[in-house]
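**Student:** Show me how the following folds:
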Amino acid sequence: MELLAVITALEKLKSSENDIHIYTDSKYVADAVNQNWIAGWIKRGWKNVKNPDLWKRFIEMYNKHTPKMHWLKGHAGHFENELCDKLAVAAASSPNLEIDTYFEGLENNSLF
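**Tutor:** Coordinates of the predicted model:
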């Protein structure tokens, strides 16, 4: 979900002229960029990579906006991070969850 949140945020941007900084408590998402894991994944044809469809969407947006990725420790008292966690838990617990039309579209087309 952290990766999808980053993708969605980048897709909402109307301009690629600004410096973008993304703060995440997902070491996996931050390190994929900061440790350049993505280059290796591409080189190996996405072999053994979880959610390659999402990573491909991410790369498209990353190349457009070139955000700087910052990792911060989760559940460590960082106000905005704690707020995001509460909002995510509340949304996931909501009885009115929206359908993920992108995922459902892929699933219905037998791409999995």
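**Student:** start to end distance for stretch 63-71?
**Tutor:** In stretch 63-71, first residue to last residue: 19 Å (Cα to Cα, to the nearest Å).
**Student:** And the helices in the protein?
**Tutor:** With DSSP state H, the ranges of helices along the chain come out as 2-12, 27-34, 37-43, 52-65, 79-93, 101-108.
**Student:** elements contacting the fourth one?
**Tutor:** Which is helix 52-65. helix 2-12, helix 37-43 (3 or more Cβ pairs under 8 Å, 6 or more residues apart in numbering; DSSP states H and E). To be clear about C-beta, it is placed using only N, CA and C from the backbone, and glycine gets the same treatment.
**Student:** what about 6 Å?
**Tutor:** Identification of packing neighbours for helix 52-65 by 3 or more Cβ pairs under 6 Å, 6 or more residues apart in numbering; DSSP states H and E yields helix 2-12.
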